[in-house]
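# Pasted the sequence and its predicted model underneath.
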2 protein chains.
Amino acid sequence: MNRPAGKADPVMFSLLEAAHALEQRLESALAEVGLSMAKYGVVSQLARAGQPLALGELATRQSCVRSNMTQLIDRLEADGLVRRVDDPGDRRSVRAAITRLGEERAAAGARAMKRVQDDFAASIPPRDREVLIRMLAGVK
Amino acid sequence: MNRPAGKADPVMFSLLEAAHALEQRLESALAEVGLSMAKYGVVSQLARAGQPLALGELATRQSCVRSNMTQLIDRLEADGLVRRVDDPGDRRSVRAAITRLGEERAAAGARAMKRVQDDFAASIPPRDREVLIRMLAGVK
DNA sequence: GCGGGACGGTTCATAGGTGAACAAAATATC
DNA sequence: GATATTTTGTTCACCTATGAACCGTCCCGC
């Protein structure tokens, strides 16, 4: 994202840089199957749910605001990965239904994610794993 | 950023979540002095440089593309924290000069950053510090 | 000296994110 | 049952970021 620069304590910035590098790797792995992190989040959520989900529900699950989900679903709909469907039980609500193509992309995306993840796991010495988990939990 | 969700390996996502939480804390600490991470990066760079810097140079230092710096400087100029000045030696070049107000904000931003940083450092057991540094370096 | 790159900044389209304001619909509350 | 409140999605304005296209300027090689 940016270079806060300066001498500063290197640990915090190392953490931010490492996370950023990791995000870049995930983004480019997903890009190969025509997805972004944001889009993958939604289609994988829908694929796992096995049924259409309300936009507000999706926003909650992806921890973002509703207006963001509106736009994201606009783009996913334009990509043909998702369809907006009415909720017969609540006329305010709009639900997102995954398409066949969306399911295929979600599956391909999951494989791409797994490759990066395995790669990452392999770069962490098993001995250090617990230490890392413990420290990261403390940051939240 | 988003919730990749699923069971998945928790370590990678813990790292991403921790970094995200940290970024949020930095953003809100800076927001109290009217800055964002992006803006702080530029004004602190200029304050440290002690002289106007070319936009391309700033973009390189902040690791972003030049078009992004153009817009960021637009906003900083609107905020009155920075001024565009000509480079007498190269008529293509545009340099950013920090204003008095910009210097004040940079200083206030640095204090805000330091608070978060100290807070973060305190949450890392000194014993684990080296382990964390080593692992994060391996992720790059 | 001049023609062709290389370089520097801007503009535009696109993507992803936020928060405020809004209309329509669903619920409470009385 | 009529009124007030909450909830839902959208729209809008804004911020940050990228990459392509563009234009003016600089500089190199000939």
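Everything's here; your move. Predicted model, so just to flag it, every value in this text is computed and none were measured. Numbers count the residues shown, from 1 in each chain, chains lettered A, B, ... in the order given.

# For the rest of this, base every contact and every neighbour count on C-alpha atoms.
Will do.

# Show me which residues of chain A are close to DNA strand C?
A:35-39, A:63-65, A:67-68, A:72, A:75, A:89-92 (CA under 7 Å from any atom of the strand).

# Out of those, which end up buried?
Listed as buried from the residues of chain A next to DNA strand C are A:35, A:36, A:37, A:38, A:39, A:72; burial here means 16 or more other CA atoms under 10 Å in any protein chain shown.

# Just the pLDDT at the first one, thanks.
So the one you mean is residue A:35. The per-residue pLDDT reported for residue A:35 equals 98.

# helix or strand for it, which one?
Residue A:35 belongs to no helix or strand when assigned by DSSP states H and E.

# Residue A:118: which of the residues of chain A next to DNA strand C is nearest?
residue A:37 (17.2 Å; CA to CA).

# wouldn't that closest one be in contact with residue A:27 here?
Yes: taking contacts as CA atoms under 8 Å, residue A:37 lies within contact range of residue A:27: 6.0 Å.

# Tell me the one of the buried ones among the residues of chain A next to DNA strand C nearest residue A:107?
Nearest to residue A:107 among those, with distances taken as CA to CA, is residue A:35, at 11.2 Å.

# In contact with the residue nearest to the closest one when sequence neighbours are not counted, which residues?
Spatial nearest neighbour of residue A:35, excluding adjacent residues (CA to CA, 6 or more residues apart in numbering or on different chains): residue A:109 at 7.1 Å. If you count contacts by CA atoms under 8 Å, 6 or more residues apart in numbering or on different chains, residue A:109 has them with A:30, A:33, A:35, A:40.

# The first one: what's it in contact with?
I take that to be residue A:30. A:36, A:37, A:40, A:109, A:112, A:113.

# let's see 7 Å
By CA atoms under 7 Å, 6 or more residues apart in numbering or on different chains, the residues touching residue A:30 are A:36, A:109, A:112.

# Tell me which stretches of chain A form strands.
A:53-54, A:82-86, A:94-98 (DSSP state E).

# Make a markdown table out of these and add mean neighbour count and mean pLDDT.
Listed next are the strands of chain A as a markdown table, based on neighbours: other CA atoms under 10 Å in any protein chain shown; pLDDT from 0 to 100:
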| stretch | mean neighbour count | mean pLDDT |
| --- | --- | --- |
| strand A:53-54 | 20 | 98 |
| strand A:82-86 | 18 | 98 |
| strand A:94-98 | 22 | 98 |
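
# burial of the residue nearest to residue A:47 when sequence neighbours are not counted, as a residue count?
Leaving aside its chain neighbours, residue A:47 sits nearest to residue A:103 (6.2 Å; criterion: CA to CA, 6+ apart). For residue A:103, the number of neighbouring residues by other CA atoms under 10 Å in any protein chain shown comes to 18.

# May I see the buried residues of the lowest-mean-pLDDT helix or strand in chain A?
For chain A, the helix or strand with the lowest mean confidence is helix A:126-139, at a mean of 78 (criterion: mean pLDDT, DSSP states H and E). Buried positions in helix A:126-139, judged by neighbour count with 16+ other CA under 10 Å: A:132, A:135, A:136, A:139.
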